[in-house]
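Student: Could you work out the structure for the sequence below:
(one chain, ligands or ions: 2)
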Amino acid sequence: MLRRMQIFLVIIVLLSISTTGIFCIYFLGQYSDRMNVQMLASASELYHRELSAGQTYEQASVSCQTVFADESMKLRITVVDADGVVLYDNQQSAATMVNHAGRKEIKDAFATKGTATQKRHSATLNMDMLYLARYYPDLNEVIRSSVPLEIYQKGIQQMQYAFAGVMSASLLLLGALGYFYSRRLVRPLFELRSATESMAASNYSVRVQTNSSDEIGALSKAFNSMADQLEKEVRDLEEKNDKLAELQVMRAEFVANVSHELKTPLTSIRGFVETLRNGHIKDPAVQERFLEIIDIEVERLHQLISDILELSEIEGMEGELELQKFDLSTLLDDVATLLDDKATDSNISIIVEDCEQLPVLASKYRIKQILINLVDNAIKYNRVGGKVYIRATREPDRMIVIRVKDTGEGIAPEHLPRVFERFYRVDKSHSRQMGGTGLGLSIVKHIAQLYAGTATVESIEGAGSTFTVRLRIADDLS
Ligand SMILES: Nc1ncnc2c1ncn2[C@@H]1O[C@H](COP(=O)(O)OP(=O)(O)OP(=O)(O)O)[C@@H](O)[C@H]1O
Ligand SMILES: [Mg+2]
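Tutor: Numbers count the residues shown, from 1 in each chain. Ligands and ions are numbered 1, 2, ... in the order given. This is a model prediction of the structure:
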């Protein structure tokens, strides 16, 4: 496109300069002819006047020369009578000259009794001449004045050369100017093209300069805003893709975890069932023991499945909670009583602190789930003779803070950030031994999120852990 534009520019310049030049030269030629004719007419007039004033042919010729001629241009004067006889010529002896009746300009002047001009070759002087013959009735003669064509043709030629020079110079100058200007004009387009190409190659961060205020500047601006838009959309898409991929990985992990968790008790159940069916075990006490183990594993399976169902139910919920009013401190007492037997087995005491009334608006079942899971952990991962402290307090903006603190084994710092993940257990075998599947804290966290809250943990290894759950459930209306 640049090339075409430059060629176009050069052609335009060439055409305009040459047409102007040609017209100028043509009109100059015309003008020069007219000027010469005028000069010859004046010379003729002057010559006639001098003759009338009584001067000789020769004297009149000299005065004409002084007025009209110079070194480079000699004025020729010829006087011819009605018969065509040359009476006088200032450049040739009249006696030697042939009859001029046949010369066209002289013939015309006599015929019209006026003035005639003629451009032709002079046989007498052997050169091209411009003639002006004028008939004077008082003399009944024609006075013919003439100049060699060559002299003013040379002038015109010089003028033509000068024109050609000026034309080529301006052509060069304008051409160069056009060349560089078009380059400058087109540069943003090149920039745009390379930007477009790199965008096509998935590089969305390219931008072009937009400092001109013309159409190209507008185009550049449009390009940049398109690039902004595209970059943003691609980034959004990538983010969504990442999230999707993450979700997929999580789902796959979840399925793998669930299958694994199901497999362990099932394998155990099948083993014991096979053994019993073989009939090798005769001792009824051992048979009873086996059945007991099977029962425990079935119970574990049941627990696992109901936890998974619970979790997916909570995850699927968004605000659609069955809210009811109840007193949280009473619920704390209930849960403490519920788990008291389990605690007593390990000689652990549960202490409910600060038992003032705490009216809340929430799903009682879900809040109870939180408390049971936290207190259950606090008992399971405690030491014999340890303590569990439960407390619920009120904070501004309808927030309730539930804190469950134990004096147990604690959690190492590297595990702390992960204990709320599904199936995550610090000590797998120990947890499994306790009948745990690693879903309890995950359920707690999800319920907290349902109530615009959070679940966090602080722990000192060997000294105990504190789980804190914040929930927006305080009932202001009661
Ligand atoms: N109070 C605590 N003290 C020490 N470690 C704890 C405590 N609570 C939880 N943990 C650790 O965090 C892990 C995850 O707890 P979570 O309640 O989610 O699962 P679980 O107790 O193993 O099984 P589940 O609760 O599903 O029966 C536990 O396995 C345990 O290692
Ligand atoms: Mg637990």
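
Student: only C-alpha atoms for contact and neighbour calcs from this point on.
Tutor: Noted.

Student: in the chain, which spans are strands?
Tutor: For the chain, applying DSSP state E gives strands covering 76-81, 86-89, 115-122, 127-136, 141-148, 324-327, 349-352, 359-362, 387-395, 399-406, 454-460, 464-472.

Student: Now tabulate those strands in TSV and tack on mean neighbour count.
Tutor: Output for these, formatted as TSV (neighbours: other C-alpha atoms under 10 Å):
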stretch	mean neighbour count
strand 76-81	23
strand 86-89	20
strand 115-122	17
strand 127-136	22
strand 141-148	26
strand 324-327	16
strand 349-352	19
strand 359-362	21
strand 387-395	20
strand 399-406	22
strand 454-460	18
strand 464-472	22
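
Student: Just send the ones you listed back as JSON lines, with distance to residue 343 too.
Tutor: Compiled in JSON lines, the strands of the chain are given as follows (distance: least, C-alpha to C-alpha, whole Å):
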{"stretch": "strand 76-81", "distance to residue 343": "148"}
{"stretch": "strand 86-89", "distance to residue 343": "155"}
{"stretch": "strand 115-122", "distance to residue 343": "140"}
{"stretch": "strand 127-136", "distance to residue 343": "141"}
{"stretch": "strand 141-148", "distance to residue 343": "141"}
{"stretch": "strand 324-327", "distance to residue 343": "24"}
{"stretch": "strand 349-352", "distance to residue 343": "6"}
{"stretch": "strand 359-362", "distance to residue 343": "27"}
{"stretch": "strand 387-395", "distance to residue 343": "9"}
{"stretch": "strand 399-406", "distance to residue 343": "12"}
{"stretch": "strand 454-460", "distance to residue 343": "21"}
{"stretch": "strand 464-472", "distance to residue 343": "16"}
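
Student: Ok, which of those comes nearest ligand 2?
Tutor: Ranking these by proximity to ligand 2 (C-alpha to the ion) places strand 464-472 first, at 11.9 Å.

Student: how far out from the middle of the chain is the closest one?
Tutor: Offset of strand 464-472 from its chain centre (C-alpha atoms, centre = their mean, to the nearest Å): 50 Å.

Student: Work out the sheet partners of it and label each with its direction, please.
Tutor: As defined by DSSP bridges, the strand partners of strand 464-472 come to strand 399-406 (antiparallel), strand 454-460 (antiparallel).

Student: List the buried residues for the worst-scoring helix or strand of the chain on mean pLDDT?
Tutor: Ranked by mean pLDDT, DSSP states H and E, the helix or strand of the chain with the weakest confidence is helix 428-433, at a mean of 74. Within helix 428-433, the residues that count as buried by 16 or more other C-alpha atoms under 10 Å are residue 431.

Student: Identify the residues contacting residue 68.
Tutor: Residue 68 sits next to 39, 43, 75 when contact means C-alpha atoms under 8 Å, 6 or more residues apart in numbering.

Student: can you put the residues you listed in a markdown table and add distance to ligand 2, neighbour count and pLDDT?
Tutor: Formatted as a markdown table, the contacts of residue 68 follow (distance: C-alpha to the ion, whole Å; neighbours: other C-alpha atoms under 10 Å; pLDDT from 0 to 100):
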| residue | distance to ligand 2 | neighbour count | pLDDT |
| --- | --- | --- | --- |
| 39 | 127 | 17 | 90 |
| 43 | 133 | 27 | 92 |
| 75 | 132 | 21 | 89 |
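
Student: Looking at the record's assignment, how would you partition the chain?
Tutor: Structural domains assigned to the chain are 2-156, 204-316, 318-472, following automatic domain parsing.

Student: Could you see whether ligand 2 lies near the second one?
Tutor: No: in terms of C-alpha under 5 Å from the ion, no part of domain 204-316 sits within range of ligand 2; the closest distance is 10.8 Å.

Student: now swap in the last one and tell me
Tutor: Yes: where contact is defined by C-alpha under 5 Å from the ion, part of domain 318-472 touches ligand 2, namely 377, 440.

Student: and the end-to-end length of that domain?
Tutor: Chord length of domain 318-472, first to last residue, is 15 Å (C-alpha to C-alpha, to the nearest Å).

Student: ok, now stretch 326-344?
Tutor: End to end - C-alpha to C-alpha - stretch 326-344 spans 28 Å.

Student: Please apply the same query to stretch 120-140.
Tutor: OK, stretch 120-140 end separation, C-alpha to C-alpha: 25 Å.

Student: residues in contact with that stretch?
Tutor: 37, 40-41, 44, 81-82, 97, 105-106, 109-110, 113-119, 141-150.

Student: ok so, going back, output the least confident helix or strand of the chain as CSV - backbone C-alpha positions only.
Tutor: The C-alpha coordinates for helix 428-433 follow below in CSV (Å, rounded to 0.1, in the frame of the first residue of the first chain):
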residue,chain,number,x,y,z
LYS,A,428,-4.6,-41.3,59.7
SER,A,429,-4.3,-44.6,61.6
HIS,A,430,-5.0,-42.9,64.9
SER,A,431,-8.0,-41.1,63.5
ARG,A,432,-9.4,-44.2,61.9
GLN,A,433,-8.9,-46.0,65.1
